[in-house]
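In: Here is my input; please provide its structure:
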Amino acid sequence: MNRTTLTLIAAILCAAAMVATAAPLADTLGQAIVVQDQSSLRAAPRDSAQQQTVLWQGEVLEVRGERLDYLQVWDHKRERGGFIRASDVRRVALTESESPALLSVLRFVRDTPGAEALGIGLTAAYLQAAPAAALAGEPGAQALDALGTLADRLARRASAATPGKTSAAALSAHLDVANGYGVRFTTYELDGRMQVCYDGEAFRRVLALPAASAEQRARAALALTRPECTDPDLPAHERARLQQWQAELLDRVEVAGLPSYLRNRVQMRRAGLWGGVAFQQARKADGATAAAGAASRALAEFAGVSRNDLTDEDQPAYNDAAMRVSAVRWALVPAAAAATDGKRPSVVLQPGAPGETCVLLVDARHGLQEPLARRCTYGVVWTASASLNREGNALALAVQPLEGWRELWVMRRTAGAGWVVDVLPPTAATPETGYAEWAGWVPGGQRMLVAREARETRGSGRWRKSFEVVRLDGLATERVTGDVAALPVFQRWQDPAWKQQTLSLR
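Out: Below you'll find the model as predicted:
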């Protein structure tokens, strides 16, 4: 990275007050960074003087003089001068000799919750003070890593904020301070609330620096691939392209030397992304081979996660990764050709409207023209999952309408209406992440075994896993438990192939 590029980075990240156009007096007296929220800029060096404005941590001021225990300053952002208590600010000289001290303070603030705006201000000061050699080396990587971490944490705070709380004013001010330094955020509406995300510019710079460590690269890649920060309104083809890029980005992270908890996070994120890639490939007419490869990669990454090294914070991500991999696990099983002339019912696929797939249930007497049952979907039909019970009166089929969300279609014969098709979702709540899968048939043709796992709402939604005995007449749950060992019927009649392949027993 040359000097021109580094100067450009500093110019983008620093506020107008920190560019090299300050008055000669500023070169002597330096700058001051506000360290206390709601600090008062007053018209005179007295507590009783008129308050000009309220300042927030991280804002930078030009020092023009000293009066008593006050500093006389100029606020370039608001274009006004005044006096501020010296204890409310920390004076800095944007010189090469002071850059190591600035970096030391930045390392401390980096991991201090609530001090994100201050840390961003310190980062801007360091980027302007440090020499080009330092910015191109390990110190520069540390500074950019800190900037990305601070901005990302500030965005998470904004997303989790509760409207009406007194902290909302401070949070809004901190976001404004960050924006003043050129740190940009994007917002999306998800489930009736706003999701705030950092645009990731500092993390991209980290990935471009040869001096960045493996841990810094891993943190950067994880931040740039947060699933909740993907625009929900992206068209399907753009979303598929984004997921492919994110998966390839994570593949460039070397996990061998990472701490176990960080390696787990990378592998869980890889598993979820490759599961999404497998779904997108399976939607293509000729994508079966590519979908199988992506699903295999997703399963391999998930299998590499060490459960003993999972933190409490990572448990939701682990469950989400398991559900996303489970949703596409049938891509690994080749679909067998349907026997349309057989006596027992079987499933045949037929094109419907553009982008639609129709599922037909046929047998020797009921062909494609007059099938026993017919239902269409815009999702992926995993025909390899089709399972007919011994009595021949019910067939289970996995259908995936959304990425990370797989439903169970149950085709069953009724006394009065013939064959009907019912859909058993992972949960009755709004679709988010989950799967419902057939686990076995109970002899007698009246009951089936089902495993379900789902996270009901985005982000901090409730997660639930259950093993159920379901009656075929109406799909009512007869018995349910969260521990498969507590359900003897489930233990006795579970399908061996399901037990071998499912991730619900993890």
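In: quick one, helices of the stretch 351-500 of the chain?
Out: With DSSP state H, counting those that start in this stretch as the criterion, the stretch 351-500 of the chain has helices at 488-493, 496-501.
In: Residue 137: which of these is closest?
Out: Residue 137 sits nearest to helix 496-501 of all the helices of the stretch 351-500 of the chain, at 49.1 Å, using CB to CB. In short, each C-beta sits where N, CA and C put it, glycine included.
In: hey, which helix or strand in this protein has the poorest pLDDT?
Out: helix 3-13 (a mean of 39; mean pLDDT, DSSP states H and E).
In: mind checking how far the closest residue to residue 418 other than its chain neighbours is from residue 345?
Out: Once flanking residues are discounted, residue 418 sits nearest to residue 372: 7.0 Å by CB to CB, 6 or more residues apart in numbering. Taking CB to CB, to the nearest Å as the measure, residue 372 falls 6 Å from residue 345.
In: Same check on residue 113?
Out: 59 Å.
In: between the two, who's got more neighbours?
Out: Between residue 113 and residue 345, residue 345 has the larger neighbour count (other CB atoms under 10 Å), namely 22 against 7.
In: Quick one: neighbours of the closest residue to the more buried one other than its chain neighbours, just the number.
Out: Once flanking residues are discounted, residue 345 sits nearest to residue 363: 4.8 Å by CB to CB, 6+ apart. Neighbours of residue 363 under the rule other CB under 10 Å: 18.
In: Residue 348 is in contact with residue 363, correct?
Out: No. When contacts are counted by CB atoms under 8 Å, residue 363 is not listed as touching residue 348 (10.5 Å).
In: that older thread, name the residues contacting each of residue 372 and residue 345.
Out: Shared contacts of residue 372 and residue 345, defined by CB atoms under 8 Å, 6 or more residues apart in numbering, are found at 361-363, 411, 419.
In: Closest one of those to residue 52?
Out: Of the shared contacts of residue 372 and residue 345, the one sitting nearest to residue 52 (CB to CB) turns out to be residue 411, at 73.9 Å.
In: for the closest residue to that closest one other than its chain neighbours, what are its contacts?
Out: Spatial nearest neighbour of residue 411, chain neighbours left out: residue 395 (4.5 Å); criterion: CB to CB, 6+ apart. By CB under 8 Å, 6+ apart, the contact set of residue 395 is 345, 347, 361, 386-389, 410-412.
In: Show me the shaky parts of this structure.
Out: 1-28, 162-166, 336-342, 457-461 (pLDDT under 70).
In: can you list the domains in it?
Out: According to automatic domain parsing, the chain comprises the domains 1-220, 234-332, 333-501.
In: Let's have those domains in TSV, adding distance to residue 227.
Out: Shown next, in TSV, are the domains of the chain (distance: least, CB to CB, whole Å):
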stretch	distance to residue 227
domain 1-220	11
domain 234-332	7
domain 333-501	9
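In: Relative to residue 226, which of those domains is closest?
Out: domain 1-220 (7.0 Å).
In: Check the offset of that closest one from the chain's centre.
Out: Chain-centre distance of domain 1-220: 26 Å, with CA atoms, centre = their mean, to the nearest Å.
In: Make a markdown table out of the shared contacts of residue 372 and residue 345 and add distance to residue 321.
Out: Converted to a markdown table, the shared contacts of residue 372 and residue 345 look like this (distance: CB to CB, whole Å):
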| residue | distance to residue 321 |
| --- | --- |
| 361 | 34 |
| 362 | 37 |
| 363 | 40 |
| 411 | 31 |
| 419 | 37 |
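In: what residues are up against residue 200?
Out: Counting by CB under 8 Å, 6+ apart, residue 200 has contacts 148, 220, 223-224.
In: wait, residue 359
Out: So residue 359 contacts 347-349, 374-377, 381, 397, 399, 409, 421 (CB under 8 Å, 6+ apart).
In: and these as JSON lines, adding neighbour count?
Out: Converted to JSON lines, the contacts of residue 359 look like this (neighbours: other CB atoms under 10 Å):
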{"residue": "347", "neighbour count": "21"}
{"residue": "348", "neighbour count": "18"}
{"residue": "349", "neighbour count": "13"}
{"residue": "374", "neighbour count": "18"}
{"residue": "375", "neighbour count": "20"}
{"residue": "376", "neighbour count": "15"}
{"residue": "377", "neighbour count": "17"}
{"residue": "381", "neighbour count": "24"}
{"residue": "397", "neighbour count": "23"}
{"residue": "399", "neighbour count": "19"}
{"residue": "409", "neighbour count": "23"}
{"residue": "421", "neighbour count": "16"}
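In: Strands - which of the residues you listed land there?
Out: 347-349, 374-377, 381, 397, 399, 409, 421 (DSSP state E).
In: What separation is there between residue 496 and residue 95?
Out: Taking CB to CB, one finds residue 496 at 72 Å from residue 95.
In: Show me which of those two is the more surrounded one.
Out: residue 95 (13 against 8).
In: for the stretch 401-506 of the chain, what spans make up the strands?
Out: 405-414, 418-424, 433-442, 447-455, 463-471, 477-481 (DSSP state E, counting those that start in this stretch).
In: Quick check: which of the ones you listed is nearest to residue 353?
Out: strand 418-424 (17.6 Å).
In: Residue 69: neighbouring residues, count only.
Out: 10.
In: Quick check: phi and psi on the residue of the chain most remote from its centre?
Out: Residue distances from the centre of the chain (CA atoms, centre = their mean) peak at residue 68, which lies 51.0 Å from the mean C-alpha position. Backbone torsions for residue 68, taken as degrees, to the nearest 10, come to phi 60, psi -130.
In: can you check the one 10 residues further on too?
Out: Listed backbone geometry of residue 78 is phi -100, psi -10, with angles given as degrees, to the nearest 10.
In: Tell me which residues touch it, please.
Out: Applying CB under 8 Å, 6+ apart, the residues contacting residue 78 are residue 53.
In: Kindly provide the distance from it to residue 207.
Out: 36 Å.
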